[in-house]
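# Predicted model follows, preceded by the sequence.
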Amino acid sequence: MVKKEETKEVLNIEKDLEELISKLDDKETENIVKEFYKSVAKFNNYSFNNIWLLTTQAKQRGINLSYVASFKEWSQMEVMVNKGRKALNIFAPKQNYEIKRDEENKPILIDGKYQYVLDENNQKIKTSVSFLLVPVFDATQTNALETGKIKTLTYRNQDETISNEMLNDLYKEVQEKYNIKIEEKKLEPNLGGYYQKNKNLIVINNHNLKSTNSKVGTLFHELGHHLLHGQDNYKDIHLDTGQKEGERESVSYIISKFLDIEQKSELYLKSWDRNRVNMKEHLERIVKTSKEIFKTIDFKEIFEKEFKRQELAKVYLDTMIEDKSVSIKSEQTLSL
C-alpha cells in the first residue's frame, strides 16, 4: 500500500534521473552525482530513495547535510529545532497487521480502535509493510552543534594525507575481511594499481609520487573491481568498459568521502546507458556495494586506533615542547 504523497516523491526521483540522463555530457551532472555520493558516505544506512530525497532537498535549500533526526528524536536529545526551519522528508516503514473483520468483511473497531487477529503466541499477525513520508531535520537546522550535543571530530588536518599506520590498518581489514592479498609495487607513476582475479590480488602503486590518500582511492577502486565485476575474466584493466570503470571509481569516491579524502575522480558518466532504468541500476549497484564495504570494514576501530595514536603523539609533542621550554628558561637564567 503506497500513499499518494509517496507516489509523487518516487515519481520525482524518476524524473530527476530522466533529467540526468539527458545531460550526461554536462559537467554539472557529474557534480550532482558526486553530491549524491557524498550523501551515501554520510547516510550509508539509508535506502537509495531516502539518500536521493535528502540530497535533492538539501541542494534546493542550501543545506550542508550532516546528521538527520525527527523532531521527537531531537527533543529526546534535548536539542531544539530552530524556529522557522522546514523539515526534510524521507520514507519510513510502517508494519501492517491483519485486522479482524465481521461477516460483511468490514473492519471491527472497539472505541475507535482496530482489533487485530492474534496468533497462537498472542501476537499480532504481520501482513504488508507500507512506506510513509516522515519529517526530519538536519543538525544544521537545530542548536545541536552550538550546544555541543553533536560534535564534529576530525582525525587529521584537511591539508594532510592520512597516516601510513591508518593506511596499513585499512590494508589489513580488507585482507582479513575479504580474503584478498594486497601488495605494494612500484609501477608507472600514472597508474594507481590493478586487481588480478586469478591470484585474488590487489596491487597498489608505491611510486614515490603516490600519496597515502591516492593509495586509499586505489584500494577501494580495486576492491570495487572485486565486488562489482569479480566474475569477469580480467587480463588487463584497460579492457574494462567505461561503465564498469565508472562504477568502481564511484565506489572509491564514496569510501574516500567517508574518510574525508577528496579524490579527483573520473566517473565516466558519458559512457553510461542513456536509459533511466539502467541509470538507476548503475547507481543502485554502486550504493549497494558501498554499503557492503561500510558493513564489512570496521571503520570505527580504525578511527579509534588513529585517534589513540594522535593522542599519544600529542602527549609526546607537548612533553617535548615543555622540556624545550624549561631548557630555554634555564639558558635565559644563566645568561642573566
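Nice, thanks for sending it over. Numbers count the residues shown, from 1 in each chain.
# Residue ranges in the stretch 101-250 of the chain under the pLDDT threshold?
The stretch 101-250 of the chain contains residues with pLDDT under 70 at 152-153, 155-156, 158-159, 231-241.
# And the helices in it?
144-147, 164-178, 212-229, 242-258 (DSSP state H, counting those that start in this stretch).
# So for the chain, the centremost residue is which one?
residue 41 (1.7 Å; CA atoms, centre = their mean).
# ok now do residue 88, which residues does it touch?
Contact partners of residue 88, counting by CB atoms under 8 Å, 6 or more residues apart in numbering, are 53-54, 57-58, 63, 68, 135-138. For the C-beta atoms, the positions are set from N, CA and C on the backbone; glycine is no exception.
# hmm, try it at 10 Å
Residue 88 makes contact with 50, 53-54, 56-58, 60-61, 63, 65, 68, 134-138, 141, according to CB atoms under 10 Å, 6 or more residues apart in numbering.
# model confidence over the host helix or strand of the residue nearest to the centre of the chain, on average?
Under the criterion of DSSP states H and E, residue 41 resides in helix 27-42. Computed over helix 27-42, the mean pLDDT rounds to 90.
# how about the helices of the stretch 101-250 of the chain, which one is nearest residue 187?
Of all these, helix 212-229 sits nearest to residue 187, with 10.3 Å by CB to CB.
# now that closest one, how far from the chain's geometric center?
Its chain's average C-alpha position is 15 Å from that of helix 212-229, according to CA atoms, centre = their mean, to the nearest Å.
# please begin residue numbering at 541 from this point
Taking 541 as the first residue, the last one we looked at is helix 752-769.
# helices and strands around that helix, which ones?
helix 704-718, strand 721-725, strand 733-736, strand 741-745, helix 782-798, helix 816-836 (3 or more CB pairs under 10 Å, 6 or more residues apart in numbering; DSSP states H and E).
# residues of the last one that come out buried?
Neighbour counts over helix 816-836 (16 or more other CB atoms under 10 Å) mark 816, 819-820, 822-823, 825-827, 829-831, 833-834 as buried.
# thought residue 839 was touching residue 756?
No - using CB atoms under 10 Å, residue 839 is not in contact with residue 756; the gap is 11.9 Å.
# Which one's more surrounded, the two?
residue 756 (23 against 17; other CB atoms under 10 Å).
# Could I get the contacting residues of residue 714?
720-722, 742, 759-760, 762-763, 766, 833, 836-837.
# Filter those down to the buried ones, ChimeraX style.
Selection of buried members from those for ChimeraX, criterion 16+ other CB under 10 Å:
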select :720,722,742,759,760,762,763,766,833,837
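# Output the contacts of residue 714 as TSV; include the columns distance to residue 752.
Output for those, formatted as TSV (distance: CB to CB, whole Å):
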residue	distance to residue 752
720	19
721	20
722	14
742	16
759	10
760	13
762	16
763	16
766	21
833	18
836	21
837	17
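# In the contacts of residue 714, find the pair that's most separated.
Farthest pair in those (CB to CB) is 721 and 833. Separation: 17.7 Å.
# if we can go back for a sec, can I get the very next helix or strand once past the helix holding residue 581 in PDB, CA atoms only?
Sequence-wise, the next helix or strand downstream of helix 567-582 (DSSP H and E) is helix 588-601. Presented in PDB, the C-alpha positions along helix 588-601 are these (Å, rounded to 0.1, in the frame of the first residue of the first chain):
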ATOM      1  CA  PHE A 588      18.700   4.600  -2.200                       C
ATOM      2  CA  ASN A 589      15.400   6.600  -2.400                       C
ATOM      3  CA  ASN A 590      15.900   8.300   1.000                       C
ATOM      4  CA  ILE A 591      19.500   9.300   0.200                       C
ATOM      5  CA  TRP A 592      18.300  10.700  -3.100                       C
ATOM      6  CA  LEU A 593      15.500  12.600  -1.400                       C
ATOM      7  CA  LEU A 594      17.800  14.100   1.200                       C
ATOM      8  CA  THR A 595      20.400  15.100  -1.400                       C
ATOM      9  CA  THR A 596      17.900  16.900  -3.700                       C
ATOM     10  CA  GLN A 597      16.000  18.600  -0.900                       C
ATOM     11  CA  ALA A 598      19.200  19.800   0.800                       C
ATOM     12  CA  LYS A 599      20.500  21.100  -2.600                       C
ATOM     13  CA  GLN A 600      17.300  23.100  -3.100                       C
ATOM     14  CA  ARG A 601      17.600  24.700   0.300                       C
END
